[in-house]
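Undergrad: Pasting a predicted model and its sequence here:
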Amino acid sequence: MSDESRDRRALVAAGIFVAATAVTVAIAARLVTPPSITVAMGDATVRAGRVGPSLRPGDAIALTVAAFAAGASATVLLVDGEPVSPADRPVTEPDDPADSEQTAPSELLAARRSEWEEIADRLANNERLVYEAVLDADGVLPQSEIVERTDVSKATVSRALDNLEARDLIERKRRGMGNVVVLS
């Protein structure tokens, strides 16, 4: 789906959501504040009181349709608003297992580690310190521990991570109140 049609779809869904919410609130407000009624005979007032909440069939239908439209449009907005990450994409397996290379996990880890070490050799200053700290932790390390291990300020670590992330050398994943840094 193109970005333009996705934007148009989101705009229509947002409009429907706002309109449906307004209708729902208007009908709910009428239910919450029932009208008062006064019965009078001639010049003397006989009885005054409030009528309980009443919902006419038309109001019930409008409320049901508005609530359904609000829910459906909210679902569209939530589902379309999420970017598709590489982890969400289906993994395609090769048709013939004989064609694919069968490597042991330890060999794969060793290959990745040597690749990461080559990258670390090309980096300069603080980026190298931060990258090597994550590399020494087998490629996964909370951002707060990088500050402790490198004796570099939080701001400097954050800037170095921003630069490394911009070059797709690391990835920061949100975990609770902090970030976990993963080599990519």
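TA: Received, thanks. Numbers count the residues shown, from 1 in each chain.

Undergrad: Could you chop this structure up by domain?
TA: 3-81, 112-183 (automatic domain parsing).

Undergrad: what about the last one, start to end distance?
TA: In other words, domain 112-183. Terminal residues of domain 112-183 are spaced 10 Å apart (Cα to Cα, to the nearest Å).

Undergrad: Rebuild the domains of the chain as JSON lines, extending it with distance to residue 105 and mean pLDDT.
TA: (Glycine included, C-beta is placed from N, CA and C.) Formatted as JSON lines, the domains of the chain follow (distance: least, Cβ to Cβ, whole Å; pLDDT from 0 to 100):
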{"stretch": "domain 3-81", "distance to residue 105": "35", "mean pLDDT": "81"}
{"stretch": "domain 112-183", "distance to residue 105": "10", "mean pLDDT": "85"}
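
Undergrad: Could you look over these and pick the most buried one?
TA: domain 112-183 (a mean of 15; mean count of other Cβ atoms under 10 Å).

Undergrad: OK, contacts around residue 137?
TA: Contacts for residue 137 (Cβ atoms under 8 Å, 6 or more residues apart in numbering) come out as residue 145.

Undergrad: and it, how far is that from residue 114?
TA: In this view, residue 137 and residue 114 are 17 Å apart by Cβ to Cβ, to the nearest Å.

Undergrad: how much space between residue 3 and residue 76?
TA: 16 Å.

Undergrad: cool, and residue 108?
TA: In this view, residue 108 and residue 76 are 41 Å apart by Cβ to Cβ.

Undergrad: Could you pull up phi and psi at residue 15?
TA: Dihedral pair for residue 15: phi -60, psi -40, per degrees, to the nearest 10.

Undergrad: So for residue 101, what's the pLDDT?
TA: In this model, residue 101 is scored at 53, pLDDT.

Undergrad: before we move on, what about the one 5 residues further on?
TA: Among the per-residue scores, residue 106 holds a pLDDT of 75.

Undergrad: ok, how many other residues are close to it?
TA: 8 (other Cβ atoms under 10 Å).

Undergrad: That one: what secondary structure?
TA: Following DSSP: H, G, I helix; E, B strand; the rest coil, we place residue 106 in the helix state.

Undergrad: wait, what's in contact with it?
TA: Contacts here follow Cβ under 8 Å, 6+ apart; on that basis residue 106 touches nothing.

Undergrad: now it: how far from residue 134?
TA: The gap separating residue 106 from residue 134 is 20 Å, by Cβ to Cβ.

Undergrad: Same check on residue 2?
TA: 38 Å.

Undergrad: And for residue 152?
TA: Residue 152 sits 13 Å away from residue 134, going by Cβ to Cβ.

Undergrad: just residue 118 next, same as before
TA: The value you get for residue 118 to residue 134, if Cβ to Cβ is used, is 15 Å.
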